[in-house]
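> got a sequence here, can you model it:
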Amino acid sequence: MNVTLIATRGCSHRANLEHELQNLGVDYELIIVEENPEFVEAFDIRHSPNLMVDGKIVCRGQPSETELRELLMLD
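Sure, this is the predicted structure:
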């Protein structure tokens, strides 16, 4: 499973989502949209954060821990 966190530099939820991913033992790549503007158009990024799994956006915004586990099929 390839997990990517797409967020803005100033996203107030990014640190929390990164912490939750780390606590769940999920390896992920962080993409900062200001440094990678091609992601904005390619994935219709309008909010931050966005969670992508295997090349598909599965969540726009901050998921709860339960939602995150379901999205990543950890339970």
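> distance check, Val51 against Asn16.
Heads up, residue 51 is Leu, not Val. Distance, Leu51 to Asn16, using Cβ to Cβ, to the nearest Å: 12 Å. All C-beta atoms are positioned from the backbone trio N, CA, C, and that covers glycine.
> so where's the longest helix in the protein?
Criterion DSSP state H: the longest helix present in the chain is helix 14-23.
> packing partners for that helix?
strand 3-7, helix 65-71 (3 or more Cβ pairs under 8 Å, 6 or more residues apart in numbering; DSSP states H and E).
> list the buried ones in that helix?
14, 17-18, 20-21 (16 or more other Cβ atoms under 10 Å).
> quick revisit: looking at the helices and strands packed on helix 14-23, spot the one closest to Ile57.
strand 3-7 (7.9 Å; Cβ to Cβ).
> from the chain's centre, how far out does the closest one sit?
Distance of strand 3-7 from its chain centroid, counting by Cα atoms, centre = their mean, to the nearest Å, is 3 Å.
> tell me which strands it pairs with, and in which orientation.
Partner strands for strand 3-7, per DSSP bridges, with pairing direction: strand 29-32 (parallel), strand 50-53 (antiparallel).
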